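Asker: whatever this is, show me its structure:
(2 chains)
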Protein chains: 2
Amino acid sequence: MTTGNAARTVTSRVLSVLDAFNGEHRRLTLSEISRRAGMPLATAHRLVGELATWGALERDADGRYQIGLHLWEVAALAPRGLGLREAAMPYLEDLYEATHQHVQLAVLDGVDVVYVERLSARGAVLVRSRVGGRLPAHTTGVGLVLLAHCPVDVLEQYLSRPLVAFTPLTIADPLRLRATLDKVRRSGHAVSDRQVQMDAVSVAAPVRDVEGRVTAALSVIVPFDGMQPAALVPAVVAAAHGISRSLLRRAAAA
Amino acid sequence: MTTGNAARTVTSRVLSVLDAFNGEHRRLTLSEISRRAGMPLATAHRLVGELATWGALERDADGRYQIGLHLWEVAALAPRGLGLREAAMPYLEDLYEATHQHVQLAVLDGVDVVYVERLSARGAVLVRSRVGGRLPAHTTGVGLVLLAHCPVDVLEQYLSRPLVAFTPLTIADPLRLRATLDKVRRSGHAVSDRQVQMDAVSVAAPVRDVEGRVTAALSVIVPFDGMQPAALVPAVVAAAHGISRSLLRRAAAA
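Answerer: Model (predicted):
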């Protein structure tokens, strides 16, 4: 325990200040940052000051800190964030206009899917996901697509861990999940039927990078109303293909 | 000169590694990072390693570094980035469906406008701006709106500096710019008539935060074809009002 703090580099402290913020903690006082980042108030004060000067943090009218615009500007360069989004946006917009539901683009990060884009109609079903948010991969349509096409060792590691169940319909059994992923691979699309919440169904399809690897997935979420979502499959698959082709064209032009 | 490097904190070095990346430099080798961030290769190597472990940087197939997904996730919490975007998105989508042109949302940062969102049709006019990108405020419709409503000292400082001109129509004369901003304040909208490029016109309107301050601006960019863009004004103003009301509702619900 004595080496813990001494071994902690300044860089790791700076990054732990940033990690103090998440979807449930968007605005923090200095003492909240100090507590959540596990560092003395004086250290937090110094680091927060430097981060605010640069624009990684901003102070609101109440004196609380929030993530700043300059960090957002730099992060907008992430190829799996807004970079991927640029290529995908026209296809997401077409799909949104055709469906007026939630249209989402996601990537796999560890055991979670991370949503990098979402277009949503005002009247669409309320969902758990948000842009920049995460959900366990096996529960979502995009996650089933990404797990179905990920490297074998990543999948085996995923299946060796306990699988959370949000609803009675979540596929939390490894054997059933394997069978589902086989079906996703064969059919070229995935359906998450009320696996995240009982009132929503999603249909997802794979987006391939220039090397043909499935690096992202696209989905439409619709309210569950007893109807089969099969009617959505051709539009979702076509949009996903369109994004893959657009990534190829961009790589060829670069 | 001897104190320069010694006085530079580890935090500032970490941040300068991030600043080595921009729209023209999205993928960098370690030695490029070292040169652009102004630090020895060994220091860059150590910092880049820590940043990559955390997910602020990622390595591509060629061994070059790019901004990573975890930084993007944290940055997605920025209230002037994706936070503002969440409130604005349904209105941007309505405007996009009505116009099928570029629909943009921007904020003021220093002397620049920073674009936090853009929806674009595939066939829309090619423009200089991109999400996360910057343009000098006085040249753009959104920038004219933001300058017209910014604090007096910020405006005076802006007008005291040389004003860049991208086209013969860019208002680069401080007196003419003052008159234009007066008109923007009175009319409730701004028009940038071929001020950024000769083939494009934008119409912009202010978005107000919960305290009534103009903190963002919305615009539609259309190709210049000799038509007056006046027909777009009511839709742009209505969408901007809609976003302001949505920010109020969100604050009331929080």
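Asker: strands of chain A, start to end?
Answerer: A:57-59, A:65-67, A:102-109, A:112-119, A:134-136, A:190-193, A:200-208, A:214-223 (DSSP state E).
Asker: partner strands of the third one, parallel or antiparallel?
Answerer: I take that to be strand A:102-109. strand A:112-119 (antiparallel), strand A:214-223 (antiparallel) (DSSP bridges).
Asker: and that strand with strand A:200-208, angle?
Answerer: Inter-element angle recorded for strand A:102-109 and strand A:200-208: 60 degrees (by axes from the mean of the first three to the mean of the last three Cα atoms, to 10 degrees).
Asker: for the fourth one, same thing?
Answerer: Going by the same axes, to 10 degrees, strand A:112-119 is angled at 100 degrees with respect to strand A:200-208.
Asker: how about the nearest residue to A:Val203, chain neighbours excluded?
Answerer: Once flanking residues are discounted, A:Val203 sits nearest to A:Leu232: 4.5 Å by Cβ to Cβ, 6 or more residues apart in numbering or on different chains. Using the backbone N, CA and C atoms, a C-beta is placed for each residue, glycine as well.
Asker: would you confirm that the one you found contacts A:Ser219?
Answerer: No. Here A:Leu232 does not reach A:Ser219: they are 9.4 Å apart, not a contact under Cβ atoms under 8 Å.
Asker: which residues are in contact with each of the two?
Answerer: A:Val203 (Cβ atoms under 8 Å, 6 or more residues apart in numbering or on different chains).
Asker: quick one, which of these two is more surrounded?
Answerer: A:Ser219 (34 against 25; other Cβ atoms under 10 Å in any protein chain shown).
Asker: what about the more buried one, distance to A:Val74?
Answerer: 28 Å (Cβ to Cβ, to the nearest Å).
Asker: over to A:Asp199?
Answerer: A:Asp199 is 38 Å from A:Val74, by Cβ to Cβ.
Asker: just A:Glu86 next, same as before
Answerer: A:Glu86 is 16 Å from A:Val74, by Cβ to Cβ.
Asker: so for those two, which sits in the more crowded spot?
Answerer: Using other Cβ under 10 Å as the criterion, A:Glu86 and A:Val74 rank with A:Val74 on top: 23 against 19.
Asker: on that earlier part again, give me whichever of the strands paired with strand A:102-109 is most buried.
Answerer: strand A:214-223 (a mean of 26; mean count of other Cβ atoms under 10 Å in any protein chain shown).
Asker: now do the contacts for A:Ala137.
Answerer: If you count contacts by Cβ under 8 Å, 6+ apart, then A:Ala137 has A:108, A:111-113, A:143-144, A:146-147, A:158 around it.
Asker: now the helices for the stretch 151-254 of chain A?
Answerer: A:152-159, A:174-187, A:233-253 (DSSP state H, counting those that start in this stretch).
Asker: near chain B, which residues of the stretch 101-250 of chain A show up?
Answerer: A:107, A:109, A:114, A:116, A:119-122, A:130-132, A:134, A:211 (Cβ under 8 Å from any Cβ of the partner chain).
Asker: would you map the helices across the stretch 1-150 of chain A?
Answerer: Under DSSP H, counting those that start in this stretch, the stretch 1-150 of chain A gives helices at A:2-7, A:10-19, A:30-36, A:41-54, A:69-75, A:84-99, A:141-148.
Asker: which of these sits most buried?
Answerer: helix A:141-148 (a mean of 28).
Asker: relative to the whole chain's centre, how far out is it?
Answerer: Averaged C-alpha coordinates place helix A:141-148 at 12 Å from its chain's average position (Cα atoms, centre = their mean, to the nearest Å).
Asker: can you list the weak-confidence ranges in chain A?
Answerer: A:1-7, A:81-83, A:122-125, A:127-129, A:226-227, A:253-254 (pLDDT under 70).
Asker: now do 50
Answerer: A:1-6 (pLDDT under 50).
Asker: A:His102 pairs with what?
Answerer: So, taking DSSP bridges as the rule, A:His102 has A:Ile221 as bridge partners.
Asker: any figure for the gap between A:Ala56 and chain B?
Answerer: 7 Å (Cβ to the nearest Cβ, to the nearest Å).
Asker: what does A:Val152 give?
Answerer: A:Val152 is 19 Å from chain B, by Cβ to the nearest Cβ.
Asker: repeat for A:Ala75
Answerer: 3 Å.
Asker: that residue against B:Gln66, yeah?
Answerer: No. The criterion here is Cβ under 8 Å, and A:Ala75 misses it with B:Gln66 at 11.2 Å.
Asker: what's the local residue count around A:Val107?
Answerer: Counted with other Cβ under 10 Å, A:Val107 comes out at 20.
Asker: cool, and A:Leu126?
Answerer: 10.
Asker: that older thread, out of the helices of the stretch 151-254 of chain A, deepest packed?
Answerer: helix A:233-253 (a mean of 17).
Asker: point me to the residue of the stretch 101-250 of chain A nearest chain B.
Answerer: Nearest to chain B in the stretch 101-250 of chain A, going by Cβ to the nearest Cβ, is A:Gly132, at a distance of 2.7 Å.
Asker: give me the number of residues near that residue?
Answerer: Neighbours around A:Gly132, by other Cβ under 10 Å: 26.
Asker: just want the phi and psi numbers for the nearest residue to it once chain neighbours are set aside.
Answerer: Spatially, and ignoring its direct neighbours in sequence, A:Gly132 is nearest to B:Ala76 (2.7 Å; Cβ to Cβ, 6+ apart). Phi and psi for B:Ala76, reported as degrees, to the nearest 10, are phi -60, psi -10.
Asker: thought B:Ala76 was touching A:Val131?
Answerer: Yes. B:Ala76 is within contact range of A:Val131, at 5.9 Å (criterion: Cβ under 8 Å).
Asker: circling back to that earlier point, need the helices of the stretch 1-150 of chain A in TSV (columns: distance to B:Leu41).
Answerer: Formatted as TSV, the helices of the stretch 1-150 of chain A follow (distance: least, Cβ to Cβ, whole Å):
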stretch	distance to B:Leu41
helix A:2-7	24
helix A:10-19	17
helix A:30-36	33
helix A:41-54	23
helix A:69-75	22
helix A:84-99	31
helix A:141-148	36
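Asker: these: which one's closest to B:Arg13?
Answerer: helix A:10-19 (8.6 Å; Cβ to Cβ).
Asker: can I get the closest one in PDB, CA atoms only?
Answerer: Taking C-alpha atoms only, helix A:10-19 is exported to PDB below (Å, rounded to 0.1, in the frame of the first residue of the first chain):
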ATOM      1  CA  VAL A  10       1.200  12.500 -12.800                       C
ATOM      2  CA  THR A  11      -0.300  11.400 -16.100                       C
ATOM      3  CA  SER A  12      -2.400   8.800 -14.400                       C
ATOM      4  CA  ARG A  13      -3.600  11.400 -11.900                       C
ATOM      5  CA  VAL A  14      -4.600  13.800 -14.800                       C
ATOM      6  CA  LEU A  15      -6.500  11.000 -16.500                       C
ATOM      7  CA  SER A  16      -8.200  10.000 -13.200                       C
ATOM      8  CA  VAL A  17      -9.500  13.500 -12.900                       C
ATOM      9  CA  LEU A  18     -11.100  13.100 -16.400                       C
ATOM     10  CA  ASP A  19     -12.500   9.700 -15.300                       C
END
